[in-house]
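*Asks:* No sequence on hand, only this structure:
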């Protein structure tokens, strides 16, 4: 990193030491999986409603460039029946003697997932009254390595700065702004020298406001983090998280039924002009989910214009018994958290003034 980046890093650290109020929180405790049986804890984390469904990542080489004129992407998605327009702006990152624009991509997604896993393992905290995580670089690097994703110190540090600098804007159908925020609301790091001298030097990340909202409203859901991190295909992983969050009645009687065009348009991959490429991408993602025993089988019905031109495809997806078991566990935990939340609220309301 350049000297100016190091100054930014130090000032972030100073800001944290002076202004940041870091504390434990009842809702963050409920976000953790410490109540899950000890043997199962390494496998589980949480998906977050809305935030995880937003197409906020850019896959492929196009995510890094130097053209300021094209420093914005616009995408569209529908989440729980609500149509959203999503604008994504890249982070400005210094690389030697040049400044580049970098969109968050697969690396940033994996780093986010690893940080969220650290949070649910009991390291979740409230930073300036917003959900976040306290961690060390050593802890983050080891968690990524444990999941088969090995990055250097500099790569992970850059990923954190990309998440801090990249901005997502979401607008509802009526044009009202839903959110305008960077992926990470706050980032506090130690310098490389500090980390080298102390692997346990503390760092802090404040999660996106949508993550905070989901935690506060208990709209997150338990999912098998191990499987999610094992899936190599970004599209298959996006598919898996979406199903884990919304396919709450998964069974042969309640198959998942997405349309090719609508699903790909709402994914970070997007829809390409060649329908053959889109079909192959979808089939490849579904094959990956079959390999990881998320889905058992699927049916594809092409939508034709005339006799040969494929304009879309309809899918009927059947869950693997292993996935059904995971959904049942997630539903049970959801019910348990609601009961726990009500008891906490009752206790709070019963306190004398």
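*Replies:* Happy to help now that I have it. Quick caveat, the model's predicted, so the values are computed rather than measured.
*Asks:* So residue 161 is in contact with residue 91, correct?
*Replies:* Yes. Applying CB atoms under 8 Å, one finds residue 161 in contact with residue 91, separated by 6.4 Å. C-beta: built from backbone N, CA, C; applies to glycine.
*Asks:* list the contacts for residue 339?
*Replies:* For residue 339, no contacting residues are found, by CB atoms under 8 Å, 6 or more residues apart in numbering.
*Asks:* got any ranges where the stretch 251-353 of the chain has weak pLDDT?
*Replies:* 343-353 (pLDDT under 70).
*Asks:* Which stretches in it count as strands?
*Replies:* Secondary structure of the stretch 251-353 of the chain (DSSP state E, counting those that start in this stretch): strands at 295-305, 309-319.
*Asks:* measure residue 328 to residue 297 for me?
*Replies:* Going from residue 328 to residue 297 by CB to CB, to the nearest Å gives 20 Å.
*Asks:* Pick the most deeply packed of the strands of the stretch 251-353 of the chain.
*Replies:* Neighbour counts (mean count of other CB atoms under 10 Å) averaged over each of the strands of the stretch 251-353 of the chain peak at strand 309-319, with a mean of 17.
*Asks:* what's that one packed up against?
*Replies:* Where contact means 3 or more CB pairs under 8 Å, 6 or more residues apart in numbering; DSSP states H and E, strand 309-319 is packed against helix 260-265, helix 275-291, strand 295-305.
*Asks:* strand partners of the helix or strand harbouring residue 178, parallel vs antiparallel please.
*Replies:* In this assignment (DSSP states H and E), residue 178 forms part of strand 177-182. Partners of strand 177-182 in the sheet, by DSSP bridges, are strand 167-172 (antiparallel).
*Asks:* Show the average pLDDT along the strand it pairs with.
*Replies:* In this model, strand 167-172 has a mean pLDDT of 92.
*Asks:* Name the residues that touch it?
*Replies:* 54, 56, 82-89, 177-183, 208.
*Asks:* Name the surrounding residues that touch the strand holding residue 178.
*Replies:* Outside strand 177-182, the residues within contact range by CB under 8 Å, 6+ apart are 84, 163-172, 208-210.
*Asks:* tell me the contacts of the residue nearest to the spatial centre of the chain?
*Replies:* Residue closest to the average C-alpha location in the chain (CA atoms, centre = their mean): residue 52, at 4.6 Å. The contact partners of residue 52, by CB under 8 Å, 6+ apart, come to 241, 242, 245.
*Asks:* Pull the distance from stretch 153-163 to the chain's centre.
*Replies:* 16 Å (CA atoms, centre = their mean, to the nearest Å).
*Asks:* Could you tell me which residues within it count as buried?
*Replies:* For stretch 153-163, a neighbour-count test (16 or more other CB atoms under 10 Å) marks 156, 157, 158, 159, 160, 161, 162, 163 as buried.
*Asks:* Run through the stretch 1-150 of the chain and note the low-pLDDT ranges.
*Replies:* Applying pLDDT under 70 to the stretch 1-150 of the chain picks out residues 1-24, 34-36, 61, 69-70.
*Asks:* Which residue ranges of this structure form helices?
*Replies:* 3-19, 26-31, 106-118, 137-146, 153-165, 192-197, 209-217, 225-230, 234-246, 260-265, 275-291, 321-349 (DSSP state H).
*Asks:* Same list (those helices) but as CSV, adding distance to residue 73.
*Replies:* Compiled in CSV, these are given as follows (distance: least, CB to CB, whole Å):
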stretch, distance to residue 73
helix 3-19, 24
helix 26-31, 30
helix 106-118, 15
helix 137-146, 26
helix 153-165, 14
helix 192-197, 31
helix 209-217, 18
helix 225-230, 24
helix 234-246, 16
helix 260-265, 13
helix 275-291, 19
helix 321-349, 32
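*Asks:* Indicate which one of those helices is closest to residue 78.
*Replies:* Closest of the helices of the chain to residue 78 is helix 260-265, at 7.5 Å (criterion: CB to CB).
*Asks:* which helices and strands sit right next to that closest one?
*Replies:* strand 73-79, helix 275-291, strand 309-319.
*Asks:* Now render the strands of the stretch 251-353 of the chain as CSV, adding distance to residue 261.
*Replies:* Formatted as CSV, the strands of the stretch 251-353 of the chain follow (distance: least, CB to CB, whole Å):
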stretch, distance to residue 261
strand 295-305, 9
strand 309-319, 5
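*Asks:* Out of these, which gets nearest to residue 65?
*Replies:* When the strands of the stretch 251-353 of the chain are compared by CB to CB, strand 309-319 sits nearest residue 65, at 31.4 Å.
*Asks:* Contacts made by that closest one with the rest, please.
*Replies:* 247, 250-252, 255-261, 275-276, 279, 282, 286, 294-305, 327.
*Asks:* in stretch 117-134, what's buried?
*Replies:* Counting neighbours by 16+ other CB under 10 Å, one finds that the buried residues in stretch 117-134 are 117-121, 123-127, 130-134.
*Asks:* hmm, I was thinking of stretch 174-182
*Replies:* 178, 179, 182.
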